[in-house]
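Enquirer: after the sequence you'll find the predicted model.
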Amino acid sequence: MPAYFIANITVTNPEGIKEYQALAPATIEAYGGRYIVRGGAHETLEGDWKPDRMVVLEFPDVETARTWYNSPEYQEILPLRQDNSDGKIVLVEGL
């Protein structure tokens, strides 16, 4: 069953994160993942949640998503995101 990597990202250095944004898609695609949401307009319908930049990735399954996240390719560029943004991220198993 599919798995979803869901992130709320607050970019703290717009210039610094550009390299990550350019490199990340190839690592995602290499593991069968795809972007569902990548920073589009959003609206809070309930509660007081005020997300910044939402990103949703879909992978074939949880194990593949974990393998991507822990892969040497992604781990090499992950500091580019972490050094230039703050993130809250969950991995959710789909139906």
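Expert: Now that the structure is in, tell me what you want to look at.
Enquirer: next, Gln21: secondary structure please.
Expert: helix (DSSP: H, G, I helix; E, B strand; the rest coil).
Enquirer: and the pLDDT at it?
Expert: What the model reports as pLDDT for Gln21 is 97.
Enquirer: what's the neighbour count on it?
Expert: 16 (other C-beta atoms under 10 Å). Just so you know, the C-beta spots here come from the backbone N, C-alpha and C atoms, and that holds for glycine as well.
Enquirer: and if you look at Leu45?
Expert: By other C-beta under 10 Å, the residues close to Leu45 number 6.
Enquirer: check which helix or strand it maps to.
Expert: Counting by DSSP states H and E, no helix or strand carries Leu45.
Enquirer: how far away is it from Gln75?
Expert: As for Leu45, its distance to Gln75 is 35 Å (criterion: C-beta to C-beta, to the nearest Å).
Enquirer: Thr27 now?
Expert: Distance of Thr27 to Gln75, computed by C-beta to C-beta: 9 Å.
Enquirer: and the two? Which one has more around it.
Expert: Thr27 (19 against 11).
Enquirer: mind checking the SS state of the more buried one?
Expert: Per three-state DSSP, Thr27 ends up helix.
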